[in-house]
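**Q** Next one to model:
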Amino acid sequence: MTNYPTEQHHTTLAHLEGVVQTFVRRIRVFLALIKFEHTIFALPFAYLGMLLATRQGWPTWPQFLWITVAMASARTVAMGANRIIDHTIDAMNPRTAGRPLASGRVRPTTAWVGTAVSMFVLTLAAWRLGTLPLILLPGAVVFLIGYSYTKRITWLSHLVLGFTDGLAPMGAWAAVRGSLFTRADGPAWLLLGIVTTWIGGFDLIYACQDVDFDREHGLHSVPARFGVRTALWSSILSHVVTLALLTWLGVSIPVSWPYWVGMIVVGVLLAYEHSLVKPHDLSRINVAFFNVNGYISVTLFIAVLAALHVP
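**A** Numbers count the residues shown, from 1 in each chain. The predicted model follows:
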């Protein structure tokens, strides 16, 4: 009898420890499901919108915090929804069959709960950032969730994905300036174009891996519709437009020399990215997609940050 409370206490602790471990494990597998580490692609562009909106200054720390939270949660909503919407397609595709949800390593419930929680956090962040971000949120959510369906209906899905990511700097700009539709808000729209063509361009490269599968299952993409060679040339053209828009942005602000140095580096990185993939050799796509584009986004962020603070 004297040992019963102690045994009960140990049993309760063991149960709580098991619950915590299960919870942590589910968070970990959900983050793996959405590849949370790839937020680095888009987060620096949200910061670009924030920096250019403030020009020589810096946003308040609450603005910086909630912009970061909004960007991370928006990407989580988009990726979580994408994995849920595409899980049957992913399961049939040999390239994606090993993804956690498609392979059964993650329960659908975990994906739904993680996405729903992220949606709540995104709504909270938009509310904290001001009236305009909150008003724009429903439209952004339409793209965050809806872009996953576009490859079922149009080969322009690459641009829709780019446009969806391009909403990040616009949202950050709106959070800082409280406006998007005045003449002074031109840089926000240029950032939208820059991100749209940049992301859309490298998604054209990435989609080349699934040409045969997309054709067999009636999915739409530029590679599936027009061939890999055309897709790669379209990607080059898209990135030429990206560089043109970056030039326009630099001239219209205007910015100092670190921006132009950064833009040259970005141009070199884009050229290197395209040198890695050929119509007959797609073996280095992952290097082009993940590594190089991470360098591009960070380079631009550093260049703009320096340009706004160097005469």
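**Q** Let me know the average pLDDT across stretch 170-181.
**A** Here stretch 170-181 scores 94 as its mean pLDDT.
**Q** Just the C-alpha atoms of it, please, in PDB.
**A** Presented in PDB, the C-alpha positions along stretch 170-181 are these (Å, rounded to 0.1, in the frame of the first residue of the first chain):
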ATOM      1  CA  MET A 170       4.000  42.400 -51.300                       C
ATOM      2  CA  GLY A 171       2.500  41.300 -48.000                       C
ATOM      3  CA  ALA A 172       5.600  42.500 -46.100                       C
ATOM      4  CA  TRP A 173       5.400  45.900 -48.000                       C
ATOM      5  CA  ALA A 174       1.700  46.200 -47.100                       C
ATOM      6  CA  ALA A 175       2.400  45.500 -43.500                       C
ATOM      7  CA  VAL A 176       5.000  48.200 -43.200                       C
ATOM      8  CA  ARG A 177       3.500  50.900 -45.500                       C
ATOM      9  CA  GLY A 178      -0.200  50.100 -45.100                       C
ATOM     10  CA  SER A 179      -0.700  50.600 -48.800                       C
ATOM     11  CA  LEU A 180      -0.200  48.900 -52.200                       C
ATOM     12  CA  PHE A 181      -2.000  51.000 -54.700                       C
END
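**Q** If we go by neighbour counts, what in it is buried?
**A** Under the neighbour-count criterion of 16 or more other CB atoms under 10 Å, stretch 170-181 has 170-177, 180 buried. C-betas here are computed from N, CA, C, even on glycine.
**Q** So which residues of the stretch 101-250 of the chain form strands?
**A** In the stretch 101-250 of the chain, no segments count as strands under DSSP state E, counting those that start in this stretch.
**Q** related to what we said a few turns ago, of all the buried residues of stretch 170-181, which comes closest to residue 188?
**A** Distance to residue 188, by CB to CB, is smallest for residue 173 among the buried residues of stretch 170-181, at 3.9 Å.
**Q** distance of the closest one from residue 151?
**A** Residue 173 sits at a distance of 29 Å from residue 151 (criterion: CB to CB, to the nearest Å).
**Q** and residue 132, how many neighbours?
**A** By other CB atoms under 10 Å, the residues close to residue 132 number 18.
**Q** before we move on, what about residue 311?
**A** Residue 311 has 5 nearby residues by other CB under 10 Å.
**Q** contacting residues around it?
**A** Applying CB atoms under 8 Å, 6 or more residues apart in numbering, we find residue 311 in contact with residue 256.
**Q** any idea how far it lies from residue 48?
**A** Taking CB to CB, one finds residue 311 at 20 Å from residue 48.
**Q** starting at the chain centroid, how far to the helix or strand where residue 46 lies?
**A** Using DSSP states H and E, residue 46 maps to helix 43-54. Relative to the centre of its chain, helix 43-54 is centred 14 Å away, using CA atoms, centre = their mean, to the nearest Å.
**Q** Next, the residues that contact it from outside, please.
**A** Contacts for helix 43-54 (CB under 8 Å, 6+ apart): 58-59, 63-64, 67-68, 70-72, 165-166, 168-173, 175-177, 187-188, 191, 194-195, 253, 297-298, 300-301, 304-305, 308.
**Q** what does stretch 170-181 give?
**A** Here stretch 170-181 has contacts from 46-50, 52-54, 59, 63, 66-67, 70-71, 74, 126, 129-133, 136, 140, 184-185, 187-189, 191-192, using CB under 8 Å, 6+ apart.
**Q** quick one, helices of the stretch 101-250 of the chain?
**A** Counting by DSSP state H, counting those that start in this stretch, the segments of the stretch 101-250 of the chain that form helices are 108-129, 131-150, 157-177, 186-207, 211-216, 222-226, 228-252.
**Q** can you pull the buried residues of the very next helix or strand once past the last one?
**A** Tracing the chain past helix 228-252, the next element assigned as helix or strand by DSSP H and E is helix 257-275. Of the residues in helix 257-275, those scored as buried under the neighbour-count criterion (16+ other CB under 10 Å) are 258-259, 262-263, 265-267, 269-270, 273-274.
**Q** again with stretch 64-71
**A** 64, 66-71.
**Q** Likewise for stretch 242-255?
**A** Counting neighbours by 16+ other CB under 10 Å, stretch 242-255 gives 242-243, 245-246, 249-250, 253, 255 as buried.
**Q** Contacts made by it with the rest, please.
**A** Against stretch 242-255 from outside (CB under 8 Å, 6+ apart): 52, 186-187, 190-191, 193-194, 197-198, 201, 259-260, 263, 266-267, 270, 300, 304, 307-308.
**Q** thought residue 90 was touching residue 101?
**A** Yes: if you go by CB atoms under 8 Å, residue 90 and residue 101 touch, sitting 7.2 Å apart.
**Q** Among these two, which residue is more densely surrounded?
**A** residue 101 (23 against 19).
**Q** how far away is that one from residue 213?
**A** 18 Å.
**Q** circling back to that earlier point, quick check: neighbours shared by residue 90 and residue 101?
**A** Between them, residue 90 and residue 101 share these contacting residues under CB under 8 Å, 6+ apart: residue 83.
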